[in-house]
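[1] what's the 3D shape of this:
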Amino acid sequence: MPGDLVPGKPGPFYRIKIFIMKNGTMLQYFHWYIPADGNLWKEAGGNADNFKRLGINAVWLPPAYKAVNGGLSSGYDTYDLFDLGEFDQRGSVRTKYGTKQEYIDAIKKLHAKDIQVYADIVLNHKGGADEKELIKAVKTDPEDRNKFISEPYDIEAYTKFTFPGRKQKYSDFIWDHTCFSGVDYDDITKETAIYSIINDYGDGWEEMIDTEKGNYDYLMYADIEFRNEAVRQELKKWGEWYVKETGIDGFRLDAVKHMSPRFYNEWLDHLRSVKPGLFAVGEYWAPGELELLLRYIDATAGRMSLFDSSLHHNFYHASNAGNEYDLRTILDNSLVMVKPELAVTVVDNHDTQPLQSLEAPIEKWFKPLAYALILLREGGYPCVFYPDLYGAHYTGRGRDGNDYEIFLDKCENIDKLLEARDQFSYGPQRDYFDHRNCIGWIREGAGEVPSSGCAVLLSNGDNGSKKMEIGKKFAGKTFIDYLGKHPSEVPIDEDGFAEFFVVAGSVSVWIEKR
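    Next up, the predicted model:
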């Protein structure tokens, strides 16, 4: 079994079998346009040795259960949570990524290398209902969901899920209209709109953290009604089954922005009674709105980490502004600055990649700088995105209805940056954020991690240099750029200081020459 995530200050660390505290690094092992060939689970397990070499000790895998489009679905259009590629449903047995057995085999191979596995789950909604129901609903204003624009009337909604292909294996629970708070289609009128279902669990929508669109409880498909006790119990039963069936170590929780935090408080407490220490990170995507992330953290009493969408927001603007951006502000108003122990830091993900719903990709030139900022500093739990490690090529439809061919290059020096996190980026940190186009920091190193200690310098403008204190224990040593971007050999003076260098628009990681 993998080692435990143990609390550190300020971020999570990973304890490996030889009992050295190692930096935690997560990999998002997919992107939206991964081929639908059923091979991802096998590829993930087959890459376990390479992950280990790079210092990756947790892998976030995409949704493993059956979704609306079967073997073609990316998994965010949830159909049957109990079908992990085992039953002939929605046009296939396997999912886009493989079969249930291949999923479990991949987890076992990753565990054998002390790599944790996080499962991506979507509990906000369900799609692909097996039957329609005649129900009462009220139409709402799509831009202000608290405003009802009709009287209650009958609609025919896709709200009954019987999962005939599974034949009640694992669970005999039938989802019907009482399990949902809203839908987006009436089959009588053939009208697409947002309908609030009239039920016994409260008037209108559940209470959310922010007031976007009045109330953003409803996102898509049949929206799950968490005020229904039977629903909450079924989802707790499913979560317990999932953890025991697969052996996963944590969850990435999709669309928590659209779900009442009360549900996840109850659900996570239950699952951690089954598997103590279960990791959880929520996707509350609110770029540039740190206050909303903090409010959600308060509402969940720190039960889950959150992706640092505020930091991604800074990266996006910095990568597009070039040398006009003041690097001294790059961490301002980010979650990692105020709650580093609960911040999962990202450079890009499957929603921000080109052609996706939250499209805001970081420009290629800036990615090494962004990765240095999340990988080589004390705070946060960094997550590396699949195309930045492997590259990606795909064709997809843009918002204008046209198809575009996209090429995403592997991030320059990403392997070296990962290795630098794993081997050198330890110990106390000193920041030198004293120039708008050239910033740096040092890590003094930790005695329990041999050869650790480094100096990092970033430039979004011209060639630069900065005098920084690496520490007296390195006096008389020579440092070189681990990334090979700058050719100099830098001597450390008797007081532990040195002049470190960086080439224009780049990053250098200086380590002791061996």
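[2] Quick one: list the elements packing against the biggest helix by length in the chain.
    Longest helix of the chain, by residue count under DSSP state H: helix 229-246. Counting by 3 or more C-beta pairs under 8 Å, 6 or more residues apart in numbering; DSSP states H and E, the packing neighbours recorded for helix 229-246 are helix 100-112, strand 116-121, helix 261-274. The way it works is simple: take the backbone N, C-alpha and C, and place the C-beta from them, glycine included.
[3] how does it look with 7 Å?
    Packed against helix 229-246, as judged by 3 or more C-beta pairs under 7 Å, 6 or more residues apart in numbering; DSSP states H and E, are the following elements: helix 100-112, helix 261-274.
[4] what angle do the last one and helix 229-246 make?
    Here the directions of helix 261-274 and helix 229-246 differ by 40 degrees (axes from the mean of the first three to the mean of the last three C-alpha atoms, to 10 degrees).
[5] how about the helices of the stretch 251-400 of the chain, start to end?
    261-274, 290-299, 309-321, 335-338, 367-375, 386-390 (DSSP state H, counting those that start in this stretch).
[6] which residues touch the fourth one?
    It stands for helix 335-338. With contact meaning C-beta atoms under 7 Å, 6 or more residues apart in numbering, helix 335-338 is reached by L290, L293, L306, D308, S310, L311, L331, A343, T345, G379, G380.
[7] Strands along the stretch 101-250 of the chain, start to end?
    116-121, 125-126, 131-141, 144-148, 153-160, 180-186, 191-197, 222-224, 250-253 (DSSP state E, counting those that start in this stretch).
[8] Nearest to H393, out of these?
    Of all the strands of the stretch 101-250 of the chain, strand 116-121 sits nearest to H393, with 22.8 Å by C-beta to C-beta.
[9] Give me the packing partners of that closest one, helices and strands only.
    strand 58-61, strand 250-253.
[10] and these as CSV, adding mean neighbour count, distance to F501 and mean pLDDT?
    Below are the helices and strands packed on strand 116-121 laid out as CSV (neighbours: other C-beta atoms under 10 Å; distance: least, C-beta to C-beta, whole Å; pLDDT from 0 to 100):
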stretch, mean neighbour count, distance to F501, mean pLDDT
strand 58-61, 24, 34, 98
strand 250-253, 24, 39, 98
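[11] out of those strands, nearest to K466?
    strand 58-61 (33.0 Å).
[12] Where do the strands of the stretch 351-500 of the chain begin and end?
    Using DSSP E, counting those that start in this stretch, strands in the stretch 351-500 of the chain cover 381-385, 392-397, 403-408, 429-432, 438-443, 454-459, 464-469, 478-481, 489-491, 497-502.
[13] So for D154, which of these sits nearest?
    Using C-beta to C-beta, those put strand 392-397 closest to D154, at 35.3 Å.
[14] How far away from the center of its chain is the closest one?
    21 Å (C-alpha atoms, centre = their mean, to the nearest Å).
[15] swap in stretch 455-475?
    The answer for stretch 455-475 is 31 Å, by C-alpha atoms, centre = their mean.
[16] same check, this time on stretch 200-220
    24 Å.
[17] Same question for it: list its buried residues.
    Going by neighbour count (16 or more other C-beta atoms under 10 Å), the buried part of stretch 200-220 is 204-206, 208-209, 213-220.
[18] I'd assumed L292 was in contact with D210.
    Yes - the criterion here is C-beta atoms under 7 Å, and D210 meets it with L292 at 5.1 Å.
[19] hang on, G398 packs against S357?
    No - the pair G398 and S357 fails to qualify as a contact (C-beta under 7 Å) at a distance of 11.8 Å.
[20] Can you say which of the helices and strands packed on helix 229-246 is nearest to K244?
    Per C-beta to C-beta, nearest to K244 of the helices and strands packed on helix 229-246: helix 261-274, 7.5 Å.
[21] Can you spell out which helices and strands pack onto the closest one?
    helix 229-246.
[22] tell me the angle of the helix it packs on relative to strand 180-186?
    90 degrees.
[23] from here on, count from 8
    Renumbered: residue one is now 8, and that last one reads helix 236-253.
[24] Let me see the residues that make contact with helix 236-253.
    So helix 236-253 is in contact with 88-89, 110-111, 114, 126, 130, 177-178, 180, 186, 231-233, 270, 273-274, 277-278, 281-282, going by C-beta under 7 Å, 6+ apart.
[25] Could you rerun that using 8 Å?
    Residues outside helix 236-253 that contact it (C-beta atoms under 8 Å, 6 or more residues apart in numbering) are 71, 88-89, 91, 110-111, 114, 124, 126, 128, 130, 177-178, 180, 185-186, 231-233, 255, 270, 273-274, 277-278, 281-282, 285.
[26] from those residues, which would you call buried?
    In these, the ones that pass as buried (16+ other C-beta under 10 Å) are 71, 88-89, 91, 110-111, 114, 124, 126, 128, 130, 177, 180, 185-186, 231-233, 255, 270, 274, 277-278, 285.
[27] Need the strands of the stretch 358-507 of the chain in CSV (columns: distance to K167 and mean pLDDT).
    Formatted as CSV, the strands of the stretch 358-507 of the chain follow (distance: least, C-beta to C-beta, whole Å; pLDDT from 0 to 100):
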stretch, distance to K167, mean pLDDT
strand 388-392, 37, 98
strand 399-404, 31, 95
strand 410-415, 36, 95
strand 436-439, 56, 98
strand 445-450, 57, 98
strand 461-466, 55, 98
strand 471-476, 63, 97
strand 485-488, 62, 98
strand 496-498, 69, 98
strand 504-509, 61, 98
